[in-house]
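Undergrad: Quick one, what's the 3D model for this:
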Amino acid sequence: MPRTDADSMSPPATNDRLRFAEFSLERLPNGRCRSRVLLTWLETERFTGESEGLASQAGELRCAAQACVNALTQAVQDGMGFELLGVKAVRAFDANVVIVSLALRGEGGGQRVVGSFLSDTDAPRGAALAVLNATNRVLGNKFFMR
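TA: Predicted coordinates:
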């Protein structure tokens, strides 16, 4: 049976969740840092979160994670929100792992979620991605049902 162009096409990407689009971390001359995270949904909606913190290893992780939390809060907009409880980089299984802990506010309040990301090259970026990993299950149905 001959192949058609339709056979060689890849399946369409699913848009049922927020996508991590851009990340930046700037170290400022005053000993502080500024992070910016851009999330997208359905390729048309964009949510930007920014945060500023201390330019130290722990400070940069927290700044990046908080920028992602701020973008998520903007995306949700209906009373549900997240509070960053902690972020830490650890060495486990011969790899660097960034772990975040978040508390849910509003709908499902009182619940805690944890996310992680293997990050051997860019720990602050890994902290932002760990926030998304922590919230994917909670937010998946919310965005799918929009």
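Undergrad: CA atoms for contacts and neighbours, from now on please.
TA: OK.
Undergrad: Can you tell me the SS state at the most centrally placed residue in the chain?
TA: Centrality entry for the chain: nearest residue to the mean C-alpha point is L132, 3.3 Å, by CA atoms, centre = their mean. Classification of L132 by DSSP: H, G, I helix; E, B strand; the rest coil places it in helix.
Undergrad: Please apply the same query to the one 3 residues further on.
TA: Reducing the assignment at T135 to three states with three-state DSSP gives helix.
Undergrad: dump the residue contacts of C68.
TA: The contact partners of C68, by CA atoms under 8 Å, 6 or more residues apart in numbering, come to R36, V37, L38, G49, E50, A128, L129, V131, L132.
Undergrad: which ones among these are found in strands?
TA: Those of the contacts of C68 mapping onto strands are R36, V37, L38, G49, E50, per DSSP state E.
Undergrad: Just to check, the first one is in contact with A21?
TA: Read that as R36. No - between R36 and A21 there is no contact under CA atoms under 8 Å: 10.8 Å.
Undergrad: hmm, who's touching stretch 75-86?
TA: Residues external to stretch 75-86 that are found in contact with it (CA under 8 Å, 6+ apart): 47, 62, 65-66, 69, 72-73, 100-108.
Undergrad: if we can go back for a sec, just send the contacts of C68 back as TSV, with distance to L28 and pLDDT too.
TA: Output for the contacts of C68, formatted as TSV (distance: CA to CA, whole Å; pLDDT from 0 to 100):
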residue	distance to L28	pLDDT
R36	14	98
V37	17	97
L38	20	96
G49	18	96
E50	14	97
A128	19	97
L129	23	96
V131	24	95
L132	26	93
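Undergrad: hang on, the earlier thing: which one among the contacts of stretch 75-86 gets closest to R32?
TA: For these, the residue nearest R32 by CA to CA is R62; the value is 12.0 Å.
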